[in-house]
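**Student:** sequence and predicted structure are below.
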Amino acid sequence: MAKDGSSISDGVLRKILLSYAYVGLWIFLSFTVIVYNKYILDPKMYNWPFPISLTLIHMAFCSSIAFFLIRIVKAVEPVSMSRQLYISSVVPIGALYSLSLWLSNSAYIYLSVSFIQMLKALMPVAVYSIGVVFKKEAFKSDTMFNMVSISLGVAVAAYGEARFDSWGVCLQLGAVAFEATRLVLIQILLTSKGISLNPITSLYYVAPCCLAFLMVPWIFVELPILKNNSSFHMDFVIFGTNSVCAFALNLAVFLLVGKTSALTMNVAGVVKDWLLIAFSWSVIKDTVTPINLFGYGLAFLGVGYYNHSKLQALKAKEAQKKTTQTDEEAGRLLEDREGEGAGKKTDSEA
């Protein structure tokens, strides 16, 4: 008995430790990619302010690795997908993803890492609002009040920003809007049709699409500047390691969501944001004002309450599911007993 209890405890402990390991890995890689991108794009650091080119390098690298793993090594099975389904479902998602990456990387040129993380607190607001528009979320007054409180907190943080740049804010808000729309469309166009993509198959189908969309603005916006910039040379160490980190982050997202839950990722994201704000202030020496922190604190409480509400809703749904299963089992047992009783009665009459 004691042995069995010990083994169960060991199993639970192992599961908890693995969950923390997935969370830690995702926070580390997400943190690394954000700071690395900031380092490359910021004019005061590496000074390579070409966000479309950087995103193109990421997409080309991810497409190549995904193609190698699926078509050459055959380590991962591709998803069965028709051309019509690809055009109607994957292409819109790829277009939104390319716009989200382009705008979010562009924002690093104009805004501090800490302020960008504060603006990203608006993601639940955008996802919920777009979900209501597309009828994937039910409108609730208390949830909307929570969304308003998050928005108010971000507005206060923006008011207190020492290095406020309106164009940079527009870029980051655009990135949040496109990313939120992409997440909702994944539910509508893929999940609802029973199509589930892991990070390798997701990159295999989506990354080439992003690459194609990004080529258009790149040809007209950044290629002429790069041609005239004779001092530019491809630093394979910098861009190679940066691309590896971006690819690893996609795998870490799959591990975290697949082995824990999307809610765990949201909670871990809040921890990561505070770490980035602290890093931005202490290492990069970005200015973080008391009003910044007060505003983000308000937004943080709103996001925390939203995640708590989501958790309670999931628990209630799970409890209802278990109750339904128990009722069905009880009904089957009752039917079996009634059947047995009828059989015995027939035998006694005979």
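**Tutor:** Okay, I see it.

**Student:** what's the distance between the most centrally placed residue in the chain and Gly24?
**Tutor:** Nearest to the mean C-alpha position of the chain, counting by C-alpha atoms, centre = their mean, stands Val253 at 7.1 Å. Going from Val253 to Gly24 by C-beta to C-beta, to the nearest Å gives 14 Å. (Glycine included, C-beta is placed from N, CA and C.)

**Student:** distance from the chain centre to stretch 146-159, please.
**Tutor:** Mean C-alpha position of stretch 146-159 versus that of the full chain (C-alpha atoms, centre = their mean, to the nearest Å) differs by 21 Å.

**Student:** okay, buried residues for that stretch please.
**Tutor:** For stretch 146-159, a neighbour-count test (16 or more other C-beta atoms under 10 Å) marks 146-147, 149-151, 153-154, 156-158 as buried.

**Student:** what's the answer for stretch 176-190, then?
**Tutor:** Buried residues in stretch 176-190, defined by neighbour count with 16+ other C-beta under 10 Å: 176-186, 188-190.

**Student:** thinking again about what came up before, measure the residue nearest to the centre of the chain to Gly269 for me?
**Tutor:** 11 Å.

**Student:** same question, Ser166
**Tutor:** Distance from Ser166 to Gly269, by C-beta to C-beta: 26 Å.

**Student:** one more: Leu255?
**Tutor:** 15 Å.

**Student:** Met123 too?
**Tutor:** In terms of C-beta to C-beta, Met123 sits 8 Å off from Gly269.

**Student:** so what sits against both of those two?
**Tutor:** Counting by C-beta atoms under 8 Å, 6 or more residues apart in numbering, Met123 and Gly269 have no contacts in common.

**Student:** and the gap between Asp286 and Gly168?
**Tutor:** 13 Å.

**Student:** how about Ala313?
**Tutor:** Counting by C-beta to C-beta - Ala313 and Gly168 are separated by 35 Å.

**Student:** when these two are compared, which one has more neighbours?
**Tutor:** Taking neighbours as other C-beta atoms under 10 Å, Ala313 and Gly168 compare with Gly168 leading, 21 against 11.

**Student:** what does the residue lying closest to Gly131 once chain neighbours are set aside show for phi and psi?
**Tutor:** Residue nearest to Gly131 in three dimensions, not counting chain neighbours: Glu137, with 3.3 Å by C-beta to C-beta, 6 or more residues apart in numbering. Torsion angles at Glu137 (phi, psi; degrees, to the nearest 10) stand at phi -130, psi 140.

**Student:** kind regards, and thank you for your time.
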